[in-house]
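*Asks:* Next input, structure requested:
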Amino acid sequence: MLIIFDVDGTLISGEEYDWKSFNAAFTEITGKTFSVEFWKTLDEVTASAIVHEGLSELDIEERTRIEGLVKNRCLENLKVERQRTPNAFFSTYETRELLEYLREHHEYDIAIATGDWYDTIRYKLEVAGIDLERFIHATSSDAPIRSEIISIAAERSFRPLEDVVYVGDGTWDIRACRTLGIPFIGTGSRIEALESQGATCILPQIRKDPFLKILSEIKNGAR
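*Replies:* Alright, predicted model coming up:
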């Protein structure tokens, strides 16, 4: 079984600082802001997709160029937020314990698939005490669509989607898993929203024993 983890809101905290950095970077580089209506109509919630949709009037080459500028500014903003709030991005001991346990047991493989860019997610994981390079990973720097990012992580792990379970915290994660036809384990601060979208495997906090119990149930077809 391959367990693929989302990052923001799943493995690490600090989404409020993350969105603040991202939104500010987009405005600082483009002079534009995201409206409430923009977010309501957005199909893909990944860094790349959001920037490209926000610049939909431009051609692909210009959007890609500006995306690089926004990404770099976002990384700068994240570092400023971390200086202001040292615990802005952190992972719990239980989360790190689970990752280490899964890494050490050959019954499971693990990977990371995130809608954030490589540079920004690597930084946030680093300050949270998790080394991205220890894991097979795919990011929004690889593809703009979340289901494609998950598929890339599976391909890089040399595992078929039939062996994959995805762990995330957003309703967009559920949509991606339904597109791919893979099981979903929900966690984080939006449990009610996940349940309203039909999520049945829920862990408000990632802890080793409850997590392994759900994995066993999924593996044995009880979920």
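
*Asks:* Quick check: can you list the domain ranges of the chain?
*Replies:* 2-13+90-219, 15-84 (automatic domain parsing).

*Asks:* how close does Asp109 sit to Arg159?
*Replies:* Distance from Asp109 to Arg159, counting by Cβ to Cβ, to the nearest Å: 6 Å. Yep, even glycine has a C-beta here, placed from its N, CA and C like the rest.

*Asks:* Phi first, then psi, for the closest residue to Arg146 other than its chain neighbours.
*Replies:* Closest residue in space to Arg146, ignoring its immediate chain neighbours: Ala176 at 4.1 Å, by Cβ to Cβ, 6 or more residues apart in numbering. Main-chain torsions, Ala176, degrees, to the nearest 10: phi -60, psi -40.

*Asks:* i'd like the first residue to be 752 from this point on
*Replies:* That works, and once the first residue is 752, the last one we named lands at Ala927.

*Asks:* can you pull the pLDDT of Ala927?
*Replies:* Ala927 carries a pLDDT value of 97.

*Asks:* Also Ala973?
*Replies:* Per-residue confidence at Ala973 stands at 59 (pLDDT).

*Asks:* How about Phe756?
*Replies:* Note on Phe756: pLDDT of 98.

*Asks:* Make sure Thr836 is actually in contact with Asp769.
*Replies:* No. In this structure, Thr836 is not within contact of Asp769 by Cβ atoms under 8 Å, at 11.8 Å.

*Asks:* between those two, which one's more packed in?
*Replies:* Each of Thr836 and Asp769 has its neighbours counted (other Cβ atoms under 10 Å); Asp769 has more, 25 against 12.

*Asks:* who touches that one in this structure?
*Replies:* 759, 829, 840, 867, 875 (Cβ atoms under 8 Å, 6 or more residues apart in numbering).

*Asks:* One more pass at 7 Å, please.
*Replies:* By Cβ atoms under 7 Å, 6 or more residues apart in numbering, Asp769 lies in contact with Asp759.

*Asks:* isn't there a strand covering it?
*Replies:* No. Per DSSP: H, G, I helix; E, B strand; the rest coil, Asp769 lies outside any strand segment and is helix.

*Asks:* related to what we said a few turns ago, burial check on the residue nearest to Arg897, number of neighbours?
*Replies:* Applying other Cβ under 10 Å, we find 27 residues neighbouring Ala927.
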